[in-house]
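1. Model the following, please.
(chains A and B)
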Amino acid sequence: MRVLYTSLKYLAVVLWSTFVIAPFLWAVSTSFKDFQSVTNGATYIPWVDFEPNLEGWRALWKSPAQGGVDIVEPFFNSVFVTASGSLISIILGTLAAYALSRFTFKAGFIRNGDITFFFISQRIMPPVVLAIPFFIMLGKFSLLDTLAGLIIVYIVLLMPIAVWIMVDFFNKVPVEIDETALIDGCNPLQAFYKVVLPNSIPGIIVAGMFCMIFGWTDFFFSFILTFTEVQLLPVAIVALNSSITPWWSLSAAALVSVAPLVLVAFIVERYLSKGNLSGALK
Amino acid sequence: MNFKHKYLFLLPGLLVLLAILIFPIGFTVRLSLSSWDSFYPALDFIGIENYVRLFTDDARFWEAFGRLSLLSVTTVFLQYVIGFGLALIVWKEIAFQRFFRVLFLIPMMTTPVIMTVIWRTFFHESLGPVNDILSHFNLAPLWLSSETLSKFTVMIVEVWQWTPFMFLLLLAGLLSLPKEPFLAASIDGAGPIRTFVYVTFPLMAPISIGAIIIRLIEASKIMDTVYVLTSGGPGTATETSSFYIFIKGLREFQFGYSAALSLTYLIIMIISFTIIAKILVKLMVRGN
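-> Numbers count the residues shown, from 1 in each chain, chains lettered A, B, ... in the order given. Now for the predicted structure:
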């Protein structure tokens, strides 16, 4: 019985791991192929099944005129938009979450819970509902096809996540911390800045990671709201997915774009194992 | 605790969000009462004509909605079962525990559209590895161009992408559970199955409900994956609500009509989530 249970457990883990890794292995293998080894049916192992070459990887640094895919600029655009959007969302979200966790707000029938729900409920909004009005609104302010326009949209996308995680986090930070600081002669702003904030670093890091994940992986808004001047990484890569797809450079580009956030998985796991995440996620 | 500057904390975020959102929402309501399209791009007033058309003469919208319900409920159910199973396995002692925890998290860190581009080559009907392996058994399923199978392919990709999110929330929940109930169960001589049914599952009910709702909300927006994988095809076999609205609004430029579709869809979503949340609470917390 015990043996059966253990072998079933490992079987499940191995099967799922294979499923998780399969597309990555396929992409790594494909990125070293050329036209021949892609179009003659599926091949897997370099040197055995096909002769590997670096064309797919070299194409990443070439301009489109030379037959390259040039993802360097889209990469840095993506970094800039994700980082700015996340930073603004975290700052505004953390302040609002602190207020909602510590102070009482009342306006008519609206209470703290309703305000928190308003923030979080923005995640229910399907992107496609906002796309058309954003398109027209950004057009009015000449912000279509600019980084600034995208950052504005990303704030709507990311602030709800920051507020959601930080409200729960602050609810678990004991109020005594604030009160001690107040008794020691801090005003509430100083108490927040000098005492509460340093104690909230784990929560802020978790919120930051989630903002980064949802910002970096968004496709729809940059797809709708930018055209030629500004291109983010996912849009640049999906654009390669045309009728005559260069599978090798496509795979190489995909791996480059996916790599940075895979590192986040390691950080998330560290937090998880130390037990810091359970408090911040519930 | 209270003090007079409390609005300094709340208002910046709240006002920014309101400022960015008020126009789009108000404008969508107004737009839905107009016939704005590419031939006549102006904000005229046609009353509820768009809504009448939507409820009486648009089977495609309701089919897309049915398909979306099927896709999201099925995938979220699978994600929950698999994610809970994996979380239970790596919660306890297992060889390479931390390695597997990291590995199981990785798919949610990847950009859905980009991985979908890879999946498209993976399921390519003549050049992909899946059909290459299946060809040894004389099988050549049409992963992307068969009406039934293409739905299944979308589901595989969705389950791969988002099971990790379920796994993360559930594992974080498991790690935060108190020890005492488990001690009591083992003193009473309960085996692993009984412990799960009477202790773990009830203790995890609130976290499970939260995780399922969050995933359903995200799954109801499926569209990137569909756009890249099948473009809604073959025909309309994988077209979801979001994708249909996208086609009406940003491909056919029927702005007025698509605004009406958007609002109807949004309201249906809010009502469904409220009902689903109530049902889940009834189903899962009954034991306690």
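2. for the host helix or strand of A:E269, what is the average pLDDT?
-> Using DSSP states H and E, A:E269 sits in helix A:247-274. The average pLDDT within helix A:247-274 is 86.
3. Same question for that helix: list its buried residues.
-> For helix A:247-274, a neighbour-count test (16 or more other CB atoms under 10 Å in any protein chain shown) marks A:247-258, A:260-262, A:264-265, A:268-269, A:271-272 as buried. All C-beta atoms are positioned from the backbone trio N, CA, C, and that covers glycine.
4. near chain B, which of the residues you listed show up?
-> A:247, A:250-251, A:254, A:257-258, A:261-262, A:264-265, A:268-269, A:272 (CB under 8 Å from any CB of the partner chain).
5. Using TSV, lay out the residues you listed together with distance to A:L15.
-> Output for those, formatted as TSV (distance: CB to CB, whole Å):
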residue	distance to A:L15
A:W247	27
A:L250	28
A:S251	24
A:A254	24
A:S257	27
A:V258	22
A:L261	25
A:V262	21
A:V264	25
A:A265	20
A:V268	23
A:E269	21
A:L272	23
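6. Poorly predicted segments of the stretch 51-200 of chain A, please.
-> The stretch 51-200 of chain A contains residues with pLDDT under 70 at A:64-65, A:67.
7. all helices of it, in order?
-> Along the stretch 51-200 of chain A, the segments classed as helices by DSSP state H, counting those that start in this stretch run A:55-58, A:72-102, A:112-121, A:127-140, A:147-172, A:175-183, A:188-190, A:197-199.
8. what's the distance between the most centrally placed residue in chain B and chain A?
-> By CA atoms, centre = their mean, chain B has its centre lying nearest to B:A219, at 1.0 Å. In this view, B:A219 and chain A are 11 Å apart by CB to the nearest CB, to the nearest Å.
9. Pick out the residue in the stretch 151-288 of chain B sitting closest to chain A.
-> Nearest residue of the stretch 151-288 of chain B to chain A: B:S176, at 3.4 Å (CB to the nearest CB).
10. what's the neighbour count on that residue?
-> 15 (other CB atoms under 10 Å in any protein chain shown).
11. try the one 10 residues further on
-> B:S186 is flanked by 12 other residues according to other CB under 10 Å.
12. Report the contact partners of the closest residue to it other than its chain neighbours.
-> Once flanking residues are discounted, B:S186 sits nearest to B:T195: 7.4 Å by CB to CB, 6 or more residues apart in numbering or on different chains. The contact partners of B:T195, by CB atoms under 8 Å, 6 or more residues apart in numbering or on different chains, come to B:182, B:185-186.
13. Let me know the distance separating the spatially most central residue of chain A from chain B.
-> With distances taken as CA atoms, centre = their mean, chain A has A:I213 as the residue nearest its mean C-alpha position (1.5 Å). Distance of A:I213 to chain B, given as CB to the nearest CB: 6 Å.
14. Name the helix or strand for that residue, please.
-> helix A:201-216.
15. Check the model's average confidence along that helix for me.
-> Average pLDDT, helix A:201-216: 90.
16. Show me what whichever helix or strand comes after that helix is packed against.
-> Using DSSP H and E, the helix or strand that directly follows helix A:201-216 along the chain is helix A:220-225. Judged by 3 or more CB pairs under 8 Å, 6 or more residues apart in numbering or on different chains; DSSP states H and E, helix A:220-225 is in contact with helix A:127-140, helix A:147-172, helix A:233-239.
17. can you list contacts of helix A:220-225?
-> Residues outside helix A:220-225 that contact it (CB under 8 Å, 6+ apart): A:81, A:127-128, A:131, A:134-135, A:138, A:144-145, A:149-150, A:153-154, A:157, A:231-232, A:234-235, A:238, B:223-224, B:250.
18. and it, C-alpha only, in PDB?
-> Only the C-alpha atoms of helix A:220-225 are listed here, as PDB (Å, rounded to 0.1, in the frame of the first residue of the first chain):
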ATOM      1  CA  PHE A 220      -3.700  42.600 -25.600                       C
ATOM      2  CA  PHE A 221      -3.300  46.300 -24.700                       C
ATOM      3  CA  SER A 222       0.000  46.800 -26.300                       C
ATOM      4  CA  PHE A 223      -1.400  44.900 -29.300                       C
ATOM      5  CA  ILE A 224      -4.300  47.300 -29.600                       C
ATOM      6  CA  LEU A 225      -2.700  50.600 -28.500                       C
END
